[in-house]
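> coordinates only, sequence not included:
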């Protein structure tokens, strides 16, 4: 009886153990199938992603090379396709082109300022010439109050002429420095192999010099006319003073010298 009971317990235990092993094996198979499905999915996704990346346009990646000059830093940009051109000579050539561009801009601005200053100076001179000619035409015809009023206007215009002349001198100094910078940058561009930048800068210098020389000649002509007008005014004033002295000696009142 005891043996039968032990046999039944053993059979029941073996049966339970067989069921457990079957469930574990079944679970392991499910996990294995899931892993295989995941691996297949990863392979498909990786292949699809690779094909998409191959179809993407190649975007150049920008980098920069930092050059230390003294205590400053200069970053020269370049693209990935131009890596093979990043020699010392090419970097110097690019830098010289940047220098010539900046020098040309500086020259253009200083030339415009100087041309405008000379133009305004010439206008102020012609205005002063016109005022002095009007005064000469009215010598002996004005009352002392009117004469003083005209002289105040003339003095004010002379101050403006002086201010305009100082402005011309200031802008001309800046312009001369710009010319020197352009000449140095053109020489540097030529030495680095940037012949086109050198030629462009030299052409700009010639054009700027021609423009400035043109307006300078206009202002010189105005100064010459002003000097002639002053000389004529001095002569007229001397003649008028001599006539006054002569009439006073002859006893003729000054009032008779004024024209109606």
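Thanks, I have the structure now. For clarity, every value in this text was computed on a predicted model and none was experimentally measured.
> hey, let's count contacts and neighbours off CA atoms from now on
Will do.
> Work out for me the element residue 146 sits within.
Per DSSP states H and E, residue 146 falls inside helix 144-192.
> What is that helix packed up against?
When contacts are defined as 3 or more CA pairs under 8 Å, 6 or more residues apart in numbering; DSSP states H and E, helix 144-192 sits against helix 88-137, helix 195-250.
> Residue 97: what's it in contact with?
189, 194, 197 (CA atoms under 8 Å, 6 or more residues apart in numbering).
> tell me the average confidence for stretch 217-232?
Averaged over stretch 217-232, pLDDT sits at 92.
> For that stretch, which residues meet the burial criterion?
Applying a neighbour-count criterion of 16 or more other CA atoms under 10 Å, one finds 218, 219, 222, 223, 226, 229, 230 buried in stretch 217-232.
> Chain neighbours aside, what residue packs nearest to residue 193?
Leaving aside its chain neighbours, residue 193 sits nearest to residue 93 (6.4 Å; criterion: CA to CA, 6 or more residues apart in numbering).
> Could you check how far that neighbour is from residue 196?
Shown here: residue 93 relative to residue 196, a distance of 11 Å by CA to CA, to the nearest Å.
> So for those two, which sits in the more crowded spot?
residue 93 (21 against 13; other CA atoms under 10 Å).
> Would you mind confirming that the more buried one is in contact with residue 197?
No: Residue 93 is not in contact with residue 197 according to CA atoms under 8 Å; the separation is 9.7 Å.
> Now for these two: what residues contact both?
Common contacts of residue 93 and residue 197, defined by CA under 8 Å, 6+ apart, comprise residue 189.
> Looking at residue 251 now. What's its pLDDT?
Residue 251 is given a pLDDT of 54.
> nope, residue 86 is what I was after
On pLDDT, residue 86 comes in at 79.
> can you check the one 5 residues further on too?
Looking at residue 91, its pLDDT reads 92.
> That one and residue 150, how far apart?
66 Å.
> what does residue 176 give?
Taken as CA to CA, the span from residue 176 to residue 150 is 39 Å.
> Could you list the low-pLDDT ranges of the stretch 1-150 of the chain?
1-85 (pLDDT under 70).
> go again using 50 as the cut-off
Low-confidence regions of the stretch 1-150 of the chain, defined by pLDDT under 50, span residues 1-20, 22-24, 49, 53-54, 56-81, 83-84.
> try the stretch 151-260 of the chain
In the stretch 151-260 of the chain (pLDDT under 50), the answer is 252-260.
> sorry, back to before: and the helices and strands packed on helix 144-192: which comes nearest residue 181?
Proximity to residue 181 (CA to CA) singles out helix 88-137 among those, at 6.3 Å.
> deepest of the helices and strands packed on helix 144-192, which one?
helix 88-137 (a mean of 19; mean count of other CA atoms under 10 Å).
> now it and helix 144-192, what's the angle there?
Interaxial angle, helix 88-137 versus helix 144-192 (axes from the mean of the first three to the mean of the last three CA atoms, to 10 degrees): 160 degrees.
> between helix 88-137 and helix 195-250, how big is the angle?
For helix 88-137 against helix 195-250, the angle by the same axes, to 10 degrees is 20 degrees.
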